[in-house]
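Next comes the sequence, and after it the predicted model I'd like to discuss.
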Amino acid sequence: MFDDTQLESLPVSEKLRLVTSLWDQISRSGETISVPNTVLDNAGQRIKEMMADPSASLTEDEMWRRANELR
């Protein structure tokens, strides 16, 4: 298990890799999770903004390219 100090010392690219891996594992688990309405509302607003101006968002490839540049 990681503690906060270990996580803080990781480079951004490794943090992103861990976050992606965790989300993938959560989505495969099939476990129901409770998401607060404020989070759902925020996600809905971000989706609307992305749909209105897709150029303001990064593709996954672009996100990883930028993360790799930070190494």
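Noted; the coordinates are in hand.

separation between residue 44 and residue 35?
Using Cβ to Cβ, to the nearest Å, residue 44 is found at 12 Å from residue 35. Glycine gets a C-beta too; all of them are placed from N, C-alpha and C.

whoops, residue 52 was the one
According to Cβ to Cβ, residue 52 stands 23 Å off from residue 35.

now swap in residue 12 and tell me
Going from residue 12 to residue 35 by Cβ to Cβ gives 25 Å.

between those two, who's got more neighbours?
Between residue 12 and residue 35, residue 12 has the larger neighbour count (other Cβ atoms under 10 Å), namely 13 against 9.

count of residues packed around the closest residue to the more buried one other than its chain neighbours?
Leaving aside its chain neighbours, residue 12 sits nearest to residue 70 (4.9 Å; criterion: Cβ to Cβ, 6 or more residues apart in numbering). Per other Cβ under 10 Å, the neighbour tally for residue 70 reads 9.

for residue 66, same thing?
Number of residues near residue 66 (other Cβ under 10 Å) recorded here: 13.

ok, back up a step: show me the contacts for the residue nearest to residue 12.
By Cβ atoms under 8 Å, 6 or more residues apart in numbering, residue 70 lies in contact with 11-13.

please redo it, this time with the cut-off set to 10 Å
11-13, 16 (Cβ atoms under 10 Å, 6 or more residues apart in numbering).

do the same with residue 49
Residue 49 makes contacts with 56-57, as judged by Cβ under 10 Å, 6+ apart.

Work out for me the element it sits within.
Element membership for residue 49, per DSSP states H and E: helix 37-52.

Distance from the chain centre to that helix, please.
Here the centre of helix 37-52 is set off from its chain's centre by 14 Å, with Cα atoms, centre = their mean, to the nearest Å.

okay, that helix in PDB with CA atoms only?
Output in PDB follows, covering the C-alpha atoms of helix 37-52 (Å, rounded to 0.1, in the frame of the first residue of the first chain):
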ATOM      1  CA  ASN A  37     -24.800  14.600  -7.100                       C
ATOM      2  CA  THR A  38     -22.300  17.400  -7.000                       C
ATOM      3  CA  VAL A  39     -19.800  15.200  -8.800                       C
ATOM      4  CA  LEU A  40     -22.400  14.000 -11.400                       C
ATOM      5  CA  ASP A  41     -23.500  17.700 -12.000                       C
ATOM      6  CA  ASN A  42     -19.900  18.700 -12.500                       C
ATOM      7  CA  ALA A  43     -19.300  15.800 -14.900                       C
ATOM      8  CA  GLY A  44     -22.400  16.800 -16.800                       C
ATOM      9  CA  GLN A  45     -21.300  20.400 -17.100                       C
ATOM     10  CA  ARG A  46     -17.800  19.300 -18.300                       C
ATOM     11  CA  ILE A  47     -19.400  17.000 -21.000                       C
ATOM     12  CA  LYS A  48     -21.500  19.900 -22.200                       C
ATOM     13  CA  GLU A  49     -18.500  22.100 -22.400                       C
ATOM     14  CA  MET A  50     -16.500  19.400 -24.300                       C
ATOM     15  CA  MET A  51     -19.300  18.900 -26.700                       C
ATOM     16  CA  ALA A  52     -19.600  22.600 -27.300                       C
END
